[in-house]
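>>> next input, structure requested:
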Amino acid sequence: MSNSSNSSSARMTNFRWVMVALLFFATTVNYMDRQVLSLTWKDFISQDFQWTDSQYGTITGFFSIFYAVACLFAGKFIDWLGTRKGYLWAIFIWSIGACLHAACGWAALKLGSAFGLIVTTASVYLFIFCRMVLALGESGNFPAAIKVTAEYFPKKDRAFATSIFNAGASVGALVAPATIPLLAAKWGWEMAFIIIGALGFVWMFFWFGLYQSPEKSKYVNDAERAYIHQDDAETAAPVETEKKEKSIPFLKCFTFRQTWAFICGKFFTDGVWWFFLFWAPAYFSDQYGYRSDSKEAIMLIFVLYLIVTVVSIGGGYLPKYFVEKKGMEPYPGRMKAMLIFAFFPLLALFAQPLGRFSAWYPAIIIGLAGAGHQAWSANLYSTIGDMFPKSTIGTITGVGTTMGGLASFMINKGAGMLFTKSAAMGASFTFLGFEGKEAGYMIVFCICAVAYLIGWIVMKTLVPKYKPIVVD
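A predicted model of the protein is given here:
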């Protein structure tokens, strides 16, 4: 028999799942780097600098702004430079930014002395700068990861693959509370930033050695390439099809309803996840007195993100079930799955009321709401691959993530200001039977609860039926 016959009959390789594993670990490191600050500021860093909730909200809010602006260009940068080099640069920059936080303590004393600033004020400026570098690098993670998913998976599998690597966000948030506060308690908060930040440099080694496009990879055989390109009109010539595909000009992207549907899906929901990510440790410290390095706090945050991790992976399988078992097209199946997961965050309405009995109730409820977000997010990202050509996926991902970052700035900065004001007003600040800072948390939980249903309705209004973008 000929070589081609042997190749076609050979058992299909599964290297695409190795790519998912790399994306998963990159996203895990990504979210661990973000979590170092939220897990150390209340019980470690603020002891050195005396930060208020409002100042912490300013730092996290500016991170969201920097991330939003960087995402506007990160997707285009990934599309231009290519997935391999673009991802390397992204994780290199964010790892440098993560490690830089460790120098803020020493630098705040020098900056304060040189410019006559209070050390607290100087430290806020320095942390904002470090968050800017971190945000610049981290903005490339999801555009690159979504692009890899589109390169290595057919449409029916993309949400499932995305849900797996996106679970890295949950796992990062899961591992972080069990490690970072203990590192900070043993060696200082500075060393926690350095150790976690250095993990990105380890990942770079594996990415450099393993990633190639499916057409060039020596680990992918013809059978797997055929499976990957099953959606193509001409699967026999995927390389030629890819070369001829034109990219959509940046400004023209905004003329499509599909672009605005993704933008709205991100804008209404991203801030919810980032609020839970940045404020959950402080919530258990404020409301229940559990320091982030205490056994109680570690268990609460661990269980919270364990729920997120386990439940959210099913979010990627649900549209696969709708497509393969129910015969639905990928986009309608995805929208149906997103509607189901949009109801999960409604549970946040009960976090504060049930929290009066035990801290475990809000931990479990926030975990389920977070799982709903991650499942929603996996399907939302996959809608880009459904409707846009591969050459423009990074750009659209970056634009949508920018709007998500702007929403995250609003909720994090707003929450910080609200918590500072509500704590100062005490019993005179009330909402739905709660007083002081408890009332402040209840207000934010109410906003988080309804955000996903609003986002889904807007998306469905903009793109009621599946309509892919065709580039002339």
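>>> ok, residue 458 - how many residues close by?
Neighbours of residue 458 under the rule other C-beta atoms under 10 Å: 17. To be clear about C-beta, it is placed using only N, CA and C from the backbone, and glycine gets the same treatment.
>>> also residue 122?
In terms of burial, residue 122 registers 22 neighbours under the definition other C-beta under 10 Å.
>>> may I ask you to confirm that it is in contact with residue 111?
Yes: shown here, residue 122 and residue 111 form a contact pair, counting by C-beta atoms under 8 Å, at 4.2 Å.
>>> any idea what sits nearest residue 364, other than its immediate chain neighbours?
The shortest distance from residue 364 to any non-neighbouring residue, by C-beta to C-beta, 6 or more residues apart in numbering, is to residue 307 (6.5 Å).
>>> what are the buried residues along the helix or strand where the one you found lies?
Using DSSP states H and E, residue 307 falls within helix 295-324. For helix 295-324, a neighbour-count test (16 or more other C-beta atoms under 10 Å) marks 297-309, 311-320, 322-323 as buried.
>>> for the spatially most central residue of the chain, what are its contacts?
Central residue of the chain (C-alpha atoms, centre = their mean): residue 169, 6.0 Å from the mean position. Shown in contact with residue 169 (C-beta atoms under 8 Å, 6 or more residues apart in numbering): 27-28, 30-31, 374.
>>> top of these by neighbour count?
Counting by other C-beta under 10 Å, top hit in these: residue 30 with 28 neighbours.
>>> what ranges do the helices span in the stretch 351-472 of the chain?
Applying DSSP state H, counting those that start in this stretch to the stretch 351-472 of the chain gives helices spanning 351-355, 360-387, 393-425, 436-462.
>>> pick the most deeply packed of these.
Per-stretch averages of neighbours, counted by mean count of other C-beta atoms under 10 Å, single out helix 360-387 among the helices of the stretch 351-472 of the chain, with a mean of 26.
>>> by contact count, what packs against that helix?
helix 141-152, helix 155-187, helix 257-288, helix 295-324, helix 330-342, helix 351-355, helix 393-425, helix 436-462 (3 or more C-beta pairs under 8 Å, 6 or more residues apart in numbering; DSSP states H and E).
>>> and the angle for the last one with helix 330-342?
Counting by axes from the mean of the first three to the mean of the last three C-alpha atoms, to 10 degrees, helix 436-462 lies at 160 degrees to helix 330-342.
>>> same check on the fourth one?
Between the axes of helix 295-324 and helix 330-342, defined by the same axes, to 10 degrees, the angle is 150 degrees.
>>> pLDDT averaged over helix 295-324 - what is it?
The average pLDDT within helix 295-324 is 82.
>>> what do you get for the first one?
Along helix 141-152, the predicted confidence averages to a pLDDT of 89.
>>> who touches that helix?
By C-beta under 8 Å, 6+ apart, helix 141-152 touches 16, 19-20, 23, 26-27, 30, 71, 74-75, 78-79, 83, 86-87, 90-91, 94, 158, 161-162, 165, 211, 213-214, 228, 381-382, 384-385, 390, 393-395, 397-398, 401.
>>> just give me how far that helix sits from the chain centre.
13 Å (C-alpha atoms, centre = their mean, to the nearest Å).
>>> let the chain start at 44 from now.
With the count now opening at 44, the last piece we talked about shows up as helix 184-195.
>>> between helix 436-468 and it, find me the angle.
Using the same axes, to 10 degrees: helix 184-195 against helix 436-468 is 150 degrees.
>>> send the alpha carbons of helix 184-195 over as PDB?
This file holds the C-alpha atoms of helix 184-195, laid out as PDB (Å, rounded to 0.1, in the frame of the first residue of the first chain):
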ATOM      1  CA  ASN A 184      -3.700  35.200  27.200                       C
ATOM      2  CA  PHE A 185      -7.200  34.800  26.100                       C
ATOM      3  CA  PRO A 186      -6.800  36.100  22.500                       C
ATOM      4  CA  ALA A 187      -4.000  33.600  22.000                       C
ATOM      5  CA  ALA A 188      -5.700  30.700  23.700                       C
ATOM      6  CA  ILE A 189      -9.000  31.200  21.800                       C
ATOM      7  CA  LYS A 190      -6.900  31.400  18.600                       C
ATOM      8  CA  VAL A 191      -5.200  28.100  19.400                       C
ATOM      9  CA  THR A 192      -8.600  26.500  20.200                       C
ATOM     10  CA  ALA A 193      -9.900  27.600  16.800                       C
ATOM     11  CA  GLU A 194      -6.700  26.200  15.100                       C
ATOM     12  CA  TYR A 195      -6.900  22.800  16.800                       C
END
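>>> what angle sits between it and helix 403-430?
50 degrees.
>>> just to check, the residue nearest to residue 407 is in contact with residue 413?
Yes: here residue 350 reaches residue 413: they are 7.4 Å apart, a contact under C-beta under 8 Å.
>>> which among the helices and strands packed on helix 403-430 is found nearest to residue 243?
Closest to residue 243 of the helices and strands packed on helix 403-430 is helix 184-195 (C-beta to C-beta; 10.3 Å).
>>> neighbours around residue 77, how many?
Residues lying near residue 77 (other C-beta under 10 Å) number 27.
>>> skip the chain neighbours and tell me the closest residue to it.
Going by C-beta to C-beta, 6+ apart, residue 77 has residue 320 as its nearest residue, at 6.7 Å.
>>> that's all I had, so thanks and see you.
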